[in-house]
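In: What shape does this take:
(one chain, ligands or ions: 1)
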Amino acid sequence: MPVTRKRVGVLALQGDFDAHAKAITLAGGEAVEVRTAGQLNSVQGLVIPGGESTTMLKLLNMMNLIEPLAEFVATRPVFGTCAGAILLATEVLNPSQQSFGALDLTVERNAYGRQIDSRVASISPGAEFQRRAGEGDVEAVFIRAPIIRRVGPAVTVLASYDGDPVLVEQGRHMVATFHPELTDDARVHRLFLSKI
Ligand code: GLN
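Out: Numbering: from 1, shown residues only. Prediction:
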């Protein structure tokens, strides 16, 4: 019997979308690069990659994708990593900027500071993640990452680092402040695929 893979879009305007496409494939999905509203409408879920959230906003505006993306977020699952997490929050600090409010979060951009702004850490996800995604620590790559300063009551924290949430979900949406696409551990992407 042919296996139908889930069609997962990766917003491919800027940032490390190629690494996400590989991670989606590794997790068993079909990765589709998304640059137009038509491509967006052809996918069942969407990953917004890391990169520079301000640049992504500019490009979304230029490509007339703000409205289509807002409509997509209202009905289908979206997973944002790092800059993608910033775009999906309800409130952005440092400085404040436009965002899609898919998850009830306040995020502070570039919150780890300049000198030690990038690092690789081993994090221990909570029981909910272990049950649904598999056991064991996750290697988390942080690159000029935001810090989630507030989570609303509807948000579930799946993993924390240094006392701050770094992997969270709210309903069909998920956000990571680190880069699961930069390791060959497919558990985080598989967890997102399970939401589609
Ligand atoms: N610092 C970036 C921003 O504010 C995010 C960095 C990343 O995605 N790795 O958009």
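In: Low-confidence ranges, the protein, go.
Out: Within the chain, the stretches with pLDDT under 70 are 1-2, 114-116.
In: May I ask which helix or strand encompasses the spatially closest residue to residue 179 that is not a sequence neighbour?
Out: With sequence-adjacent residues excluded and distances taken as Cβ to Cβ, 6 or more residues apart in numbering, residue 179 is closest to residue 141, at 4.4 Å. Glycine gets a C-beta too; all of them are placed from N, C-alpha and C. Assigning secondary structure by DSSP states H and E places residue 141 in strand 138-143.
In: try residue 159
Out: Using DSSP H and E, the element containing residue 159 is strand 156-161.
In: Just give me how far that strand sits from the chain centre.
Out: Taking Cα atoms, centre = their mean, to the nearest Å, one finds the center of strand 156-161 at 14 Å from the center of the full chain.
In: Please identify the buried residues of it?
Out: With burial defined by 16 or more other Cβ atoms under 10 Å, the residues of strand 156-161 counted as buried are 157-161.
In: hang on, the earlier thing: tell me who's in contact with the residue nearest to residue 179.
Out: Residue 141 is in contact with 118-120, 178-179, 182-183, counting by Cβ atoms under 8 Å, 6 or more residues apart in numbering.
In: Need the buried residues of strand 156-161 in CSV (columns: distance to the ligand).
Out: What follows is those, written out as CSV (distance: Cβ to the nearest ligand atom, whole Å):
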residue, distance to the ligand
157, 20
158, 19
159, 17
160, 19
161, 15
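In: circling back: of the contacts of residue 141, which is the most crowded?
Out: residue 178 (27 neighbours; other Cβ atoms under 10 Å).
In: What sits closest to it if chain neighbours are left out?
Out: Residue 178 sits nearest to residue 140 (Cβ to Cβ, 6+ apart), 3.8 Å away.
In: give me the beta-bridge partners of that neighbour?
Out: residue 121 (DSSP bridges).
In: which ones are touching it?
Out: By Cβ under 8 Å, 6+ apart, the contact set of residue 140 is 120-123, 159, 161, 166, 176, 178-180.
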